[in-house]
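Novice: coords please:
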Amino acid sequence: MAILGRFQEFLGQEGTGVLKKGLFLPLVLILELLPFLAYASFKPVEIKAAYLYNLANFVHWPESPVQNEAFVIAVLGNPLLARNLSLLTRGEKLDGRNIVVKSIDSIEEIKSCQILFVDHSKEKVVSKSVLQKLALKHTLTVGNSMEFLRKGAMVGLVLTGKRILIAINTGLAKKVGISFSSKLLKVARTY
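Specialist: Here you go, the predicted structure:
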């Protein structure tokens with residue numbers, strides 16, 4: 001919860017509960033204030049963790065036959081990001097489901113998850129066919145580069161200067177029944 005505390009401290013709104021409900025960061029995304037927040041000493045890994053957490057709130061998956069299971073976010077190749085994301089989501093729920101963050105080191109460890117974030121160091125080992133199989137399982141695949149997006153990932157969180165560009169492959173997502181909130185699409189670059 002360190003990042004939430006830093007956001008509250010930065011804004012002077014301690015105890016409001018607004019951040020805990022995930023309402024503040026989407027507003028920041030919409031207003032495009034992240035360059036300003038970057039100067040407030042947030043590390044890129046903290047900002048990416050916040051993006052991943054809030055991304056889940058703006059994505060609609062096809063109905064799952066098992067709604068009581070946890071909402072799983074797997075992070076391949078970046079244990080520090082997984083740790084930050086785990087702290088950020090501790091005790092949080094998404095559509096009534098507990099959020100579980102898993103740090104994994106290889107594609108063989110990928111099990112059932114709703115979001116798979118692939119660190120740039122692992123993007124080359126995740127093949128196009130693996131991305132296609134994950135898409136058919138309704139797994140939202142997220143990477144760090146436009147190349148990974150072109151390879152078959154659905155979302156790219158690409159660091160450009162002091163900003164993170166959200167790039168979305170809406171065509172691929174639509175084919176497998178995943179859709180995105182219009183609020184997210186307003187601040188993202190779509191392909």
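
Novice: Not counting its neighbours along the chain, what's nearest L159?
Specialist: P44 (6.3 Å; CB to CB, 6 or more residues apart in numbering). For every residue, glycine as well, the C-beta is placed using N, CA and C.

Novice: how far is stretch 173-181 from where the chain is centred?
Specialist: Relative to its chain's centre, stretch 173-181 lies at 15 Å (CA atoms, centre = their mean, to the nearest Å).

Novice: ok, how many other residues are close to F42?
Specialist: 17 (other CB atoms under 10 Å).

Novice: quick one: it from A50, how far?
Specialist: 8 Å (CB to CB, to the nearest Å).

Novice: again with E108
Specialist: E108 is 29 Å from A50, by CB to CB.

Novice: Tell me where this protein is predicted with low confidence.
Specialist: 1-41, 64-67 (pLDDT under 70).

Novice: ok, now with 90
Specialist: 1-45, 47, 62-69, 95-96, 107-108, 110-112, 159-164, 191 (pLDDT under 90).

Novice: three-state assignment of L159?
Specialist: strand (DSSP: H, G, I helix; E, B strand; the rest coil).

Novice: ok, it touching N144?
Specialist: Yes - counting by CB atoms under 8 Å, L159 sits close enough to N144 to count as a contact (7.2 Å).

Novice: of those two, who's got more company?
Specialist: N144 (22 against 14).

Novice: Ramachandran angles for the more buried one?
Specialist: Main-chain torsions, N144, degrees, to the nearest 10: phi -100, psi -10.

Novice: That one reaches G156, doesn't it?
Specialist: Yes - with contact defined as CB under 8 Å, N144 and G156 form a contacting pair (6.9 Å).

Novice: what sits opposite the spatially closest residue to A188 that is not a sequence neighbour in the beta ladder?
Specialist: In this structure, A188 finds its nearest non-sequential neighbour in I166, 4.1 Å apart by CB to CB, 6+ apart. I166 has these beta-bridge partners by DSSP bridges: L157.

Novice: check contacts around I166.
Specialist: 29, 51, 155-157, 184, 187-189 (CB atoms under 8 Å, 6 or more residues apart in numbering).

Novice: What separation do you get for it and I99?
Specialist: I166 is 20 Å from I99, by CB to CB.
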